[in-house]
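[1] With the input below, show me the fold.
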Amino acid sequence: MDNKIKLIIDSFGKDRFKFNELIGNYTALKVGGPAKVFFIAFTQRELIKIITMCRGLTVPYFLFGTGSKITISDLGFNGIVIKNRTKVVQTVSVKGKVTKSGIDVEEAMIEVDGGVSINKWVEYLDSEKLESVEFAGIPGSIGGNLFFNRFLQNRTKSIKVLDSASEIEKIEVGSLRPKNHIILSAVFKIKARGI
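    Residues are numbered from 1 along each chain as shown. As a prediction, the model looks like this:
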């Protein structure tokens, strides 16, 4: 095994990696050959660490979320394939009025990790009685869709990204570039259902 890849594996522990794993097992179209090394990042910290290490050691890597918008060659990938399964969804602020019956929420700011599927996000919005209908049925993850989906972009207040220099920064939608940014999370402004 390549010494650079071994260094990355040793920093996380060998049990966190799969070797010669078929990427097709993780994509919507069920196509894709073997990844030399396969890793699932469950937290932003893990995602940042492995990408920063791959970049610093010049190890080829490929990052994807739900796998709904990609096809991988049957030849596979000779590097580290990283599946983004970051999963935090949280309400960071609410706007509303206090009434005799309690607080009537008008809108909320929701922060969502890039690895969260749109379906899981819609479930969260529904559970919080927030508007979700325009997002329902969109395949993929927040991180993949935010680059081109206008519905998401129009609701976005800010995006936390890992830039090409492996620095974390907050940007606005207009500054987002697929070649320069990896989406860590985004904050969305969502209205209450029925408002």
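
[2] from here on, contacts and neighbour counts on C-alpha atoms
    OK.

[3] What separation is there between G32 and K69?
    Going from G32 to K69 by C-alpha to C-alpha, to the nearest Å gives 13 Å.

[4] quick one, what contacts V105?
    Listed by C-alpha atoms under 8 Å, 6 or more residues apart in numbering, the contact set of V105 reads 94-97, 192.

[5] Please work out the average pLDDT along the biggest helix by length in the chain.
    Longest helix in the chain, counting residues (DSSP state H): helix 44-56. Computed over helix 44-56, the mean pLDDT rounds to 98.

[6] Mind listing the strands the helix or strand just after that helix pairs with, and their directions?
    Toward the C-terminus, helix 44-56 is succeeded by strand 61-64 as the next helix or strand (DSSP states H and E). Strand 61-64 has its sheet partners listed here by DSSP bridges as strand 77-84 (parallel).

[7] Mind listing the strands the helix or strand just after the strand it pairs with pairs with, and their directions?
    Once the chain leaves strand 77-84, the next helix or strand it forms, by DSSP H and E, is strand 89-99. Strand 89-99 sits in its sheet next to strand 102-113 (antiparallel), going by DSSP bridges.

[8] So what's the gap between the partner strand and the chain middle?
    Mean-position distance between strand 102-113 and its chain equals 21 Å (C-alpha atoms, centre = their mean, to the nearest Å).

[9] With stretch 68-88 instead?
    How far stretch 68-88 lies from its chain's middle: 12 Å, per C-alpha atoms, centre = their mean.

[10] Domain map for the chain?
    3-84, 89-191 (automatic domain parsing).

[11] Flag the shaky bits of this protein, pLDDT-wise.
    Counting by pLDDT under 70, the chain shows low-confidence ranges at 1, 102-103, 195.

[12] Would you mark the buried spots in the longest helix of the chain?
    44, 46-54 (16 or more other C-alpha atoms under 10 Å).

[13] same question, stretch 4-12
    Neighbour-count burial for stretch 4-12 flags 5, 8-9 (criterion: 16+ other C-alpha under 10 Å).

[14] what do you get for stretch 106-121?
    For stretch 106-121, using 16+ other C-alpha under 10 Å, the buried residues are 106-119, 121.

[15] likewise stretch 184-195?
    Of all the residues in stretch 184-195, those buried under the rule 16+ other C-alpha under 10 Å are 184-193.

[16] Just list whatever residues bridge to H181.
    Beta-bridge pairing of H181 under DSSP bridges involves D163.

[17] Now for it, how many residues are close by?
    Neighbour count for H181, taken as other C-alpha atoms under 10 Å: 21.

[18] I figured it was touching V161, is that so?
    Yes. H181 is within contact range of V161, at 5.8 Å (criterion: C-alpha atoms under 8 Å).

[19] returning to that earlier point: quick check: the farthest pair among the contacts of V105?
    K97 and A192 (12.2 Å; C-alpha to C-alpha).

[20] shared neighbours, these two?
    Shared contacts of K97 and A192, defined by C-alpha under 8 Å, 6+ apart, are found at 105-106.
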